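Visitor: Provided below are the primary sequence and the corresponding predicted coordinates.
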Amino acid sequence: MKKTFLVLAVLAAAATLRAQSFEASVADSLPPFIAEDAFADVGACGVLDIKTLRPFDLDEAADLVKPCLDAVAEKYTAKVVVEAGFLSAPQSGQPGPVGLLVKTDLAAGSKGHRDLVAAIARRENRLLGHLTKILTKDELAPAAISALQQAIGDCMILTVVRDIRSGDDFVKIYGKCLTRNAALKIKEIRPAEGLAVTVKTDASSAQVEAYNGFVTVNAGKGPVSVMVVAYGSQVYLP
């Protein structure tokens, strides 16, 4: 009987050791698959938690987020850049939402990508108040170039080249050229926050969608990209 108990005790001990070994093995294998906050312990990312009375416009937010993402890029030995842009393509004559695009060379599902997704998700998918989208390796940003680029190129600007620092500057220099172009059917063009303008047009839905994007113009300190957000004439703009 004593021998039987001894055998059972040995078997039980062996089973316990095997279970503990398995649990340890599983624990060792889990860390690479657990998504962590990519911004944690990155000093330059402290800016993401600042509170201000005035919300940042897209361009300001992109400039403030850049040092954080530069540090994250170094942390994961990857390319990580941020810029203002459209988060999705336009549909049914309506522009896609605008926000911050985080462009990376990270493969979807990689450790760095999962950590970056987790970091932004923990901040309600916003950075400094703006909706944020991550683009993985070879993923293209929607609505990159506005169909108005050609019309801008055809504008004869007789004034001395000036800095374009805002949508208001763009409207003052190029606004009349665009509204006078009958083919564009632009009824109104007004400045928006940062380097962006809002366009209202009688053009077809397909044309409206094509107008959404960026135009590049010459400015005093070199080329500047301006975001164009277009709406059909049936849409009320306050």
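Guide: That came through fine.

Visitor: what sits against residue 79?
Guide: With contact set as CB atoms under 8 Å, 6 or more residues apart in numbering, residue 79 has these partners: 73, 103, 104, 105. (C-beta placed from N, C-alpha, C; glycine too.)

Visitor: what distance do you get for the closest residue to the third one other than its chain neighbours to residue 100?
Guide: Excluding its sequence neighbours, the residue lying closest to residue 104 (CB to CB, 6 or more residues apart in numbering) is residue 80, at 5.0 Å. With distances taken as CB to CB, to the nearest Å, residue 80 is found 12 Å from residue 100.

Visitor: give me the pLDDT for the residue nearest to residue 104.
Guide: The model reports residue 80 with a pLDDT of 94.

Visitor: count the neighbours of it for me.
Guide: 23 (other CB atoms under 10 Å).

Visitor: so what's it up against?
Guide: Going by CB under 8 Å, 6+ apart, the list of residues near residue 80 reads 69, 70, 72, 73, 102, 103, 104, 106, 116.

Visitor: and it, how far from residue 129?
Guide: For residue 80 relative to residue 129 (CB to CB), the value is 20 Å.

Visitor: what bridges to the residue nearest to the spatial centre of the chain?
Guide: For the chain, the residue sitting closest to the mean C-alpha position, by CA atoms, centre = their mean, is residue 101 at 1.4 Å. Taking DSSP bridges as the rule, residue 101 bridges to residue 83, residue 133.

Visitor: for residue 214, same thing?
Guide: Going by DSSP bridges, residue 214 forms beta bridges with residue 145, residue 227.
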